[in-house]
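Asks: sharing a model prediction with you, sequence too.
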Amino acid sequence: TITSVGTRICFVTEGILLRWLQDDRTLSKIGAVVFDEFHERNLLSDVALALVKHLQQNQRPELVMLVMSATLDAQPVAEYLEPCPILISEGQSYPVEVNYLPFPDQRTITAQAAEAVERIINEDDLGDILVFMPGRGEINGTLDALRGLRTSEEVSCIPLHGALEPREQDRAFAPNALRKVIVATNVAETSITIDGIRHVVDSGLARVARYDAERGVGTLLLEPISRASADQRKGRAGRTADGTCHRLWTEFGHQDLEERNTPEIQRSDLAEVVLLLHSLGIREAAAFDWLDKPDPQAVERAERLLTLLGALVDADLTDIGRQMLRLPMHPRYSRMLIEASQRDCVPEAALCAALVSGRDLLTRPDRADDQTQTARESFEESDDSDFITLMRAFDYAKANRFSFDRCRSHGINAQVARQVEETCQQILHAA
């Protein structure tokens, strides 16, 4: 983070805040910590809130804490931070008419969304349309279905997800002579605002990160959204004028949805967090003062893994554990880097860590695309490891300067390859 003598406000991620706490346990240069968009309840925000509260209660009573959100149930947080007043700012929003399905529809969600878009256009409702889908595959399926729209009005159908090139993402925000139909993932729920949106079509689905204890890795599961998320999505239609929200589920089914999102701390791998807490002298993570306590078994699994990796011995932090803390990554990968330093292969290990730290480097080739299939086979000649395949694909992308067209012809996501290069360099710098 770049700061200067004149710096008064720093906008940082929760991960950076936790790094600051490691380097300066009293946050001596900080007078106030503001947690924005707290309803998203990611793992690091919960950890940071708990640690800052602990710091305020024990060493920095003058430290100011502020938690902000448009949809958060404020009362439980206020009670956790007691004494804590609740301030309400209504802001400006416009009424949004909500429509539900009269009965469950057995067709694909993509076909249902296309029909809803068609209905909005044919009813002469003005304004752009935002369609929420859980992932890239469903977005592409919806775009295919939208090609069969039976309307007299020509529209511009635009995808929006994280795997797109920046110039392609910009299309969603740029002015357009045609009515825009933007098909997006959760990125459009809270993180961004698109001018001109008057109508929302909500699939009611999202891909949620959960920890698979049997395999020891995180995985993405397709799940119904919560009522809080549904309200957040609906609000996208009422930013600048009256709007409509078309929910692709029944009003009765709406009552069956969870009221709020499950906090990430209750569905994630806790190894990195437990290691951080041990470094701060908190030996019993399960008994720590959490807003929502994690599953004790999840804490136990994390401590077992850290012991297996040599980071903990009898709940005490080891020299290896202290080295792992200096590397901003999951303990599995930081331990790999430390071992690589003993075996003189840090660049290769850094590349492996970068390759598995983000989205998939290789795209799913169309079965009918023989050229891409053949090109991909050149990366897959080795049976030794999937990493060999990924490293060869990355080397090809880098040798071709991450050219979008050349990467695409070989089934490689050029943007992901460029991010892998950046992440690898960051890891090498940290190592």
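Replies: Okay, I see it. Numbers count the residues shown, from 1 in each chain.
Asks: what about the closest residue to residue 220 other than its chain neighbours, how many residues nearby?
Replies: Spatial nearest neighbour of residue 220, excluding adjacent residues (C-beta to C-beta, 6 or more residues apart in numbering): residue 207 at 4.4 Å. All C-beta spots, glycine's among them, are computed from the backbone N, C-alpha and C. Neighbourhood size, residue 207 [other C-beta atoms under 10 Å]: 17.
Asks: element containing residue 207, please.
Replies: Assigned by DSSP states H and E, residue 207 belongs to strand 205-212.
Asks: I'd like the next helix or strand past that strand.
Replies: Counting by DSSP H and E, what follows strand 205-212 is strand 217-224.
Asks: take the next helix or strand after that following strand, keep the C-alpha atoms, and write them as CSV.
Replies: Per DSSP H and E, the first helix or strand lying C-terminal to strand 217-224 is helix 227-234. Below are the C-alpha coordinates for helix 227-234, written out as CSV (Å, rounded to 0.1, in the frame of the first residue of the first chain):
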residue,chain,number,x,y,z
ARG,A,227,-33.6,-13.4,0.6
ALA,A,228,-31.0,-10.7,1.5
SER,A,229,-29.2,-11.3,-1.8
ALA,A,230,-32.5,-11.3,-3.7
ASP,A,231,-33.3,-7.9,-2.2
GLN,A,232,-29.8,-6.6,-3.1
ARG,A,233,-30.3,-7.7,-6.7
LYS,A,234,-33.8,-6.2,-6.8
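Asks: which neighbouring elements make contact with helix 227-234?
Replies: When contacts are defined as 3 or more C-beta pairs under 8 Å, 6 or more residues apart in numbering; DSSP states H and E, helix 227-234 sits against strand 197-202, strand 243-250.
Asks: low-confidence ranges, the stretch 251-400 of the chain, go.
Replies: 365-370 (pLDDT under 70).
Asks: and if we set it to 80?
Replies: The stretch 251-400 of the chain contains residues with pLDDT under 80 at 261, 358, 364-378, 380-383.
Asks: count of neighbours near the closest residue in space to residue 59 that isn't next to it in sequence?
Replies: Computed as C-beta to C-beta, 6+ apart, the closest residue to residue 59 that is not its neighbour in sequence is residue 26, at 5.4 Å. Residue 26 is flanked by 12 other residues according to other C-beta under 10 Å.
Asks: tell me who's in contact with residue 26.
Replies: Applying C-beta atoms under 8 Å, 6 or more residues apart in numbering, we find residue 26 in contact with 55, 59-60.
Asks: neighbour-wise, give me the winner out of those residues.
Replies: The contacts of residue 26, ranked by neighbours (other C-beta under 10 Å): first place residue 55, 20 neighbours.
Asks: run through who's touching whichever helix or strand that one is part of.
Replies: Using DSSP H and E, residue 55 falls within helix 43-58. For helix 43-58, contacts defined as C-beta under 8 Å, 6+ apart pick out 13-15, 17-18, 21, 25-27, 33, 35, 38, 63, 65, 67, 80-81, 263-265, 268, 270, 273, 276-277, 280, 288-292.
Asks: of those, grab the buried ones for ChimeraX.
Replies: Selection of the buried residues among the contacts of helix 43-58 in ChimeraX, burial being defined by 16 or more other C-beta atoms under 10 Å:
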select :14,17,18,21,27,33,35,38,63,67,80,81,263,264,265,268,270,273,276,277,288,290,291
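Asks: inside strands: which ones of the contacts of helix 43-58?
Replies: In strands, defined here by DSSP state E, the members of the contacts of helix 43-58 are 33, 35, 65, 67.
Asks: can I get stretch 100-113 in CSV? Just the C-alpha atoms.
Replies: Presented in CSV, the C-alpha positions along stretch 100-113 are these (Å, rounded to 0.1, in the frame of the first residue of the first chain):
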residue,chain,number,x,y,z
TYR,A,100,-42.8,-14.1,-9.3
LEU,A,101,-43.6,-17.2,-11.3
PRO,A,102,-47.2,-18.3,-10.8
PHE,A,103,-45.9,-21.9,-10.6
PRO,A,104,-42.6,-23.7,-10.8
ASP,A,105,-41.1,-23.9,-14.4
GLN,A,106,-39.3,-27.1,-15.3
ARG,A,107,-37.5,-25.5,-18.3
THR,A,108,-33.8,-24.5,-18.1
ILE,A,109,-33.2,-21.3,-16.2
THR,A,110,-31.6,-19.8,-19.3
ALA,A,111,-34.8,-20.3,-21.4
GLN,A,112,-36.9,-18.8,-18.6
ALA,A,113,-34.6,-15.8,-18.4
